[in-house]
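In: Sequence unavailable; structure follows:
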DNA sequence: GACGGGTATGGAATCGTTTCCAAAGCCTGG
DNA sequence: CCAGGCTTTGGAAACGATTCCATACCCGTC
């Protein structure tokens, strides 16, 4: 009995209230002058019919969908999830919907996603880009506003980005390790499948090198390895490094996946943390605290980045024009996974360094 | 130079190709007969104008948006993220878009989300419901197909659900613990903010009780505590239980958040795992393996559940009608966090671990 | 040579809104 | 009493697609 054959339209409401469709629209959108009595008649009719205005009709006419696209490499990645949460939070306060998709860091898939978002006529897109500029250029040409988060794409200065200060984060971690007395510090870095793009990964590696150089330590290229995306490669790469260089006393993992791999490999090789090897990583994830010992990590404000990216996209067109990246600070969270190197006299973490 | 003032429409393409709009539509949608020469002319015109058909126009006419809604309590929750990944994967194969939102387990917010999804005229909704039936009833009345995942709502038998076999999962964990010799087993359970709904939580608690009873153990109500959602309550609840009952030799955490709390509290109280207390939890999350010792957990197939829910929603209307829940199996992953109870004769409290 | 059957094609209606514009009603002041 | 200015209202034209229906054409057959 209640199940109406077809959803009520504005015409149905108009007929029932005995007014024109224009009046109904005015009442419901709140714009324009309507007499109190008609307003009430319309509202009652709408209520009785359980009328829900169709976003399709409205969007078609107004040329705004009230929807933004969000493209992340992988929803299950904790950092991406935080970022998404931030975007969702901001979008909600602005009354926007979020269309989500995962690129799996595959440029081809990314291009396809962009295409579909353009078809959907989203008002804008927030993306953790995989690196290929062509698709994004096409999106901009099609009139979609784009904001990058977490990574920028080389050759697209016109697209604004919200980034974490990864360079400073890596620097603080390396300085911390060097300050503890470490001389042979490894870096578990990342590489993409071969696209010549420089965003995140390059920055971290570069900061690693620069910090060591600043301290008068020449970076040992053999201690600097790169894993491809994915757990398997992370584990294999970490295992390779640990086995090849037993003299390494500390390692910095450039991602949480690499941090995970480092912990697992160390455990497998029966290396104590931080007794035999100190481990730090970029990205603070829930398990960092559950680890034994808890892992020292560079926290990056994923949620804030998402929120900020959404703000830039929707309410800061000025900044969008200028296109200078927003850079948010990182924080080194010192936990128990780093100590002085094994050969160091005086194993107590805070003991005076004999130089 | 390239930035066209306005996106090209089907009319622009028709004009440029010198044909009618109907022909353009036929060519692009692949339906209907078109001569080879016109087809090519149309395709070329479309390419030259960088034409992208508007999903709005199409959806309005066809009454299908090609979009489904996904409502989860919290995107950053690893289980929800897995579920979302599954939904995304299935949606992609079926060419559907996914509109995401987070309810934070707040019924009021959930109702609001539902409302907005109905306005968007989504083809269907997949939800991990918070328990309030009214909003979902309204959605169904509005003609939206709904499938629940992970939880069902009491009083809505007409809405199909895809669930994990939590009862069997809890049972296997409890039997495992009892089999190791434990007699005083605690349960860290959950409760909602007070809504009288029974879904998940009730099932787990009930299975816990039933399994103990089956083994001739009377469940000790004092060992059965319930936390409200959120990290703080989880931690407080776990701390309370551990301190009140030092004689408890094993504990089962009903969620990964409670598992986390249990590990943290045990560490704080200097209880060795599994020497002093055995810990197992429901939900296998990445950190379970990184823990020291790795945590025994009941794995629930989040991704599969999401994939399955999407399939039921979009390609299995028959099952949707019948409305019987799909139940997917769980698996007990035995790791190192459980051993015989401390007082057990023959069990070396210090080192020996049955593996 | 007319007819029937098929293929290609374009016009126009339709989906559900918003919004422009004109009209209708009512009041006020000259 | 009427001109002119409000307020309130409804009709109709978009927005951009799909699709029904009619038409035009071609060809083979009787």
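Out: Yep, that arrived. Keep in mind that what you see is a predicted model, and the values were worked out from it rather than measured.
In: residues touching residue A:129, list them.
Out: Counting by CB atoms under 8 Å, 6 or more residues apart in numbering or on different chains, residue A:129 makes contact with A:71, A:110, A:136, A:148, A:151, A:152, A:153, A:199. Yep, even glycine has a C-beta here, placed from its N, CA and C like the rest.
In: now those residues in TSV, with secondary structure, distance to residue A:48 and neighbour count?
Out: Formatted as TSV, the contacts of residue A:129 follow (DSSP: H, G, I helix; E, B strand; the rest coil; distance: CB to CB, whole Å; neighbours: other CB atoms under 10 Å in any protein chain shown):
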residue	secondary structure	distance to residue A:48	neighbour count
A:71	strand	42	23
A:110	helix	47	25
A:136	helix	48	24
A:148	strand	48	24
A:151	coil	52	21
A:152	coil	53	22
A:153	coil	53	22
A:199	coil	55	20
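In: With distance to residue B:62 and pLDDT added, can I get those in a markdown table?
Out: Below are the contacts of residue A:129 laid out as a markdown table (distance: CB to CB, whole Å; pLDDT from 0 to 100):
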| residue | distance to residue B:62 | pLDDT |
| --- | --- | --- |
| A:71 | 26 | 98 |
| A:110 | 27 | 97 |
| A:136 | 30 | 96 |
| A:148 | 34 | 96 |
| A:151 | 37 | 92 |
| A:152 | 39 | 90 |
| A:153 | 35 | 90 |
| A:199 | 40 | 49 |
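In: give me the low-pLDDT residue ranges for chain A?
Out: Scanning chain A for pLDDT under 70 picks out the ranges A:1-5, A:192-201, A:323, A:343-355.
In: any idea which of the contacts of residue A:129 is closest to residue A:310?
Out: Set against residue A:310, the nearest of the contacts of residue A:129 by CB to CB is residue A:148 (12.4 Å).
In: count of residues packed around the closest residue to the closest one other than its chain neighbours?
Out: Leaving out its chain neighbours, the residue that sits closest to residue A:148 by CB to CB, 6 or more residues apart in numbering or on different chains is residue A:161, at 4.0 Å. Around residue A:161 there are 25 other residues, counting by other CB atoms under 10 Å in any protein chain shown.
In: For chain A, just list every one of the strands.
Out: Using DSSP state E, the strands found in chain A span residues A:67-72, A:97-102, A:124-127, A:145-149, A:161-164, A:185-190, A:224-227, A:250-253, A:278-282, A:296-299, A:326-328, A:331-333.
In: circling back: mind picking the one among the contacts of residue A:129 that's closest to DNA strand C?
Out: Nearest to DNA strand C, judged by CB to the nearest atom of the strand, of the contacts of residue A:129 is residue A:71 at 28.2 Å.
In: Look up the residues forming beta bridges with the closest residue to the closest one other than its chain neighbours.
Out: Leaving aside its sequence neighbours, residue A:71 sits nearest to residue A:127 (CB to CB, 6+ apart; 4.1 Å). As for beta bridges, residue A:127 partners with residue A:71, residue A:148 under DSSP bridges.
In: My read is that residue A:127 contacts residue A:144, right?
Out: No. Contact criterion CB atoms under 8 Å: residue A:127 and residue A:144 do not qualify, at 10.7 Å.
In: who has more neighbours, these two?
Out: Remark: of residue A:127 and residue A:144, residue A:127 carries more neighbours, 29 against 21, as counted by other CB under 10 Å.
In: which residues touch that one?
Out: So residue A:127 contacts A:69, A:70, A:71, A:72, A:103, A:110, A:136, A:146, A:147, A:148, A:149 (CB under 8 Å, 6+ apart).
In: Try it again at 10 Å.
Out: Counting by CB atoms under 10 Å, 6 or more residues apart in numbering or on different chains, residue A:127 touches A:69-73, A:101, A:103, A:110, A:113-114, A:117, A:135-136, A:139, A:146-151, A:153, A:159, A:161, A:309.
In: any idea how far chain B is from it?
Out: If you measure residue A:127 against chain B using CB to the nearest CB, to the nearest Å, the figure is 15 Å.
In: for residue A:213, same thing?
Out: Per CB to the nearest CB, residue A:213 is found 33 Å from chain B.
In: Pull the contacting residues for that residue.
Out: By CB under 10 Å, 6+ apart, the contact list for residue A:213 reads residue A:219.
In: residue boundaries of the helices in the stretch 101-250 of chain A?
Out: The residue ranges that make up the helices of the stretch 101-250 of chain A, judged by DSSP state H, counting those that start in this stretch, are A:107-119, A:133-141, A:166-179, A:200-214, A:231-244.
In: Reformat those as TSV; add distance to DNA strand C.
Out: Output for the helices of the stretch 101-250 of chain A, formatted as TSV (distance: least, CB to the nearest atom of the strand, whole Å):
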stretch	distance to DNA strand C
helix A:107-119	16
helix A:133-141	25
helix A:166-179	43
helix A:200-214	41
helix A:231-244	47
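In: Using a markdown table, lay out the ones you listed together with distance to residue A:260.
Out: What follows is the helices of the stretch 101-250 of chain A, written out as a markdown table (distance: least, CB to CB, whole Å):
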| stretch | distance to residue A:260 |
| --- | --- |
| helix A:107-119 | 25 |
| helix A:133-141 | 31 |
| helix A:166-179 | 17 |
| helix A:200-214 | 17 |
| helix A:231-244 | 7 |
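In: Enumerate the residues of the stretch 251-355 of chain A near chain B.
Out: Within the stretch 251-355 of chain A, the residues that sit near chain B (CB under 10 Å from any CB of the partner chain) are A:256-257, A:259-260, A:263-264, A:267, A:273, A:285-295, A:302-303.
In: Only the buried members of these: can you turn that into a ChimeraX selection?
Out: Remark: buried members of these, expressed as a ChimeraX selection using 16 or more other CB atoms under 10 Å in any protein chain shown:
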select /A:256,257,259,260,263,264,273,285,286,287,288,289,290,291,292,293,294,295,302,303
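In: Nearest to chain B within chain A, name that residue for me.
Out: residue A:287 (3.0 Å; CB to the nearest CB).
In: Just say which of the strands of chain A is most tucked in.
Out: Most buried of those, by mean neighbour count (mean count of other CB atoms under 10 Å in any protein chain shown): strand A:250-253, with a mean of 28.
In: for that strand, packing partners?
Out: When contacts are defined as 3 or more CB pairs under 10 Å, 6 or more residues apart in numbering or on different chains; DSSP states H and E, strand A:250-253 sits against helix A:166-179, strand A:185-190, helix A:200-214, helix A:231-244, helix A:256-268, strand A:278-282, strand A:296-299.
In: What strands flank the second one, and is each parallel or antiparallel?
Out: Take DSSP bridges as the rule and strand A:185-190 pairs in its sheet with strand A:224-227 (parallel), strand A:250-253 (parallel).
In: before we move on, what about the shortest one?
Out: Using DSSP bridges, the neighbouring strands of strand A:296-299 in the sheet come out as strand A:278-282 (parallel), strand A:331-333 (antiparallel).
In: Now do the shared contacts for residue A:127 and residue A:144.
Out: A:69, A:114, A:117, A:136.
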